[in-house]
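# Sequence first, then the predicted structure, then my questions.
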Amino acid sequence: MNKRQALKAVVFVLIFLFLLRSVTYMLRTNGTVKEIFVGFYAEPKDTIDVVMIGSSPVYPYYIAPKIWGEHGITCYPLSSNQQRPRAAVYLVEEALKTQSPGLFIFELRQYAYDESMMTENMAYTRGVTDNLKYSLNRFNLINDMVSNPSERYTYYFDIFKYHSNWKTIILPDQYTAFLYEREHPLKGYELNTDVVAGEGKDYSSLSETMQIPAEQEEMLYRLLDYLQENDLDALFLVSPMKMDGDMQKKFNYMEEIIAKYGYRYLNLNDYYEELDLDFATDFYDGGGHTNILGAEKCTEFLGRYLTEYYDFEDKRGDEKYDSWQTSFEYWQECRSGGMETVERNIESAKKGEEGKE
């Protein structure tokens, strides 16, 4: 084979791999998490002030366009369902490829749970691995999160998992994911208007501690060491939820560890009154995840906290951030209809309860 033939062969292989990668991106199943990650990759370089990492409490609780519209701060979630704490460091490294955030926020709920709850369903692992672009970081993440080497090839090359989705390749929005980059209209926030009442109890006065699962404690120390070694600022956050005493004790335990490293810790379950949180109306599942009403309250609180304790530049008016202003205006439109819907759902829920009496 002469040099010209060899060059042609190399070019062919490179084109084939590029197309294979892009087809894989397009075949990955559509859904909330894919839209969030694709949206993150679409954000221009060095335009995100705050990256929020964690499980499903992140994207329905905190309304990034609202924080922008009220404070001029850009926040974006890298969140997935039942996100395993083992993924945290890798997600930080992924974010740092294109962004230089002044702050990382880590939602701590999953650190309180046994690893077995998150490994019995491979979807919780794939929520992260199958939503990252192909890279060495992704390869290392898979090696860390998938304990059985014989299973890793379906994670390395996830087209083996999603090849049956070939019919979706005709969908127009899939073509916009050719490079795994497509702007998210609400910057990662998912609006929900369902109302399922629950009961919330305040455990903020409880000061006892309870050790968290050993593997999650190891992951927390790993994350804290990594942040400190790389001089990265972080806020450790617990979102409002249906609490019990043991959970509060576990969060207290984490707070003590975090304090040793000098990072801020914020448990919103200690601020029900300040939040004006109502478990009868503000959640779509009885206390696990907020609807639009609860999200407004949590976002309002977090936005004020960020401006009080951190020194972010107000970027409103900067043309570089026009997409954020567009997103804020779209959010206002969505909010109007969403609030009307959730109010109707609250009334329906009340009538349903009255009918049972």
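Nice, I can see it. All values derive from a computational prediction rather than experimental measurement.
# Could you report the neighbour count for the residue nearest to Pro65 when sequence neighbours are not counted?
In space, and not counting its chain neighbours, Pro65 is closest to Trp331: 3.7 Å by Cβ to Cβ, 6 or more residues apart in numbering. Placement of C-beta: from N, CA and C, glycine included. By the criterion of other Cβ atoms under 10 Å, Trp331 has 22 neighbours.
# Show the contacting residues for Trp331.
Ile63, Pro65, Lys66, Gly69, Leu186, Tyr189 (Cβ atoms under 8 Å, 6 or more residues apart in numbering).
# For these, which entry has the maximal number of neighbours?
Ile63 (30 neighbours).
# Now name the helix or strand holding the spatially closest residue to that residue that is not a sequence neighbour.
Once flanking residues are discounted, Ile63 sits nearest to Thr299: 4.4 Å by Cβ to Cβ, 6+ apart. Using DSSP states H and E, Thr299 sits in helix 292-309.
# Buried residues in that helix, which are they?
Within helix 292-309, the residues that count as buried by 16 or more other Cβ atoms under 10 Å are 292-303, 305-307.
# picking that back up, sitting in helices, which of the contacts of Trp331 do you find?
Pro65, Lys66, Gly69 (DSSP state H).
# What is the neighbour count of the residue nearest to Val128 when sequence neighbours are not counted?
Excluding the flanking residues, the one nearest Val128 by Cβ to Cβ, 6+ apart is Ala87, at 4.6 Å. Applying other Cβ under 10 Å, we find 27 residues neighbouring Ala87.
# ok, Ala87 - contacts?
Contacts for Ala87 (Cβ under 8 Å, 6+ apart) come out as Val128, Leu141, Met145.
# Go again with 10 Å.
53-55, 78, 80, 94, 110, 118, 124-125, 127-129, 132, 141, 144-145, 219 (Cβ atoms under 10 Å, 6 or more residues apart in numbering).
# Now go through the residues you listed and say which are in strands.
Ile53, Gly54, Leu78 (DSSP state E).
# Could you give the bridge partners of the last one?
What it means is Leu78. As for beta bridges, Leu78 partners with Ile53 under DSSP bridges.
# pLDDT wise, what is it at?
pLDDT, Leu78: 97.
# Which secondary structure state is assigned to Leu179?
Three-state call for Leu179 (DSSP: H, G, I helix; E, B strand; the rest coil): coil.
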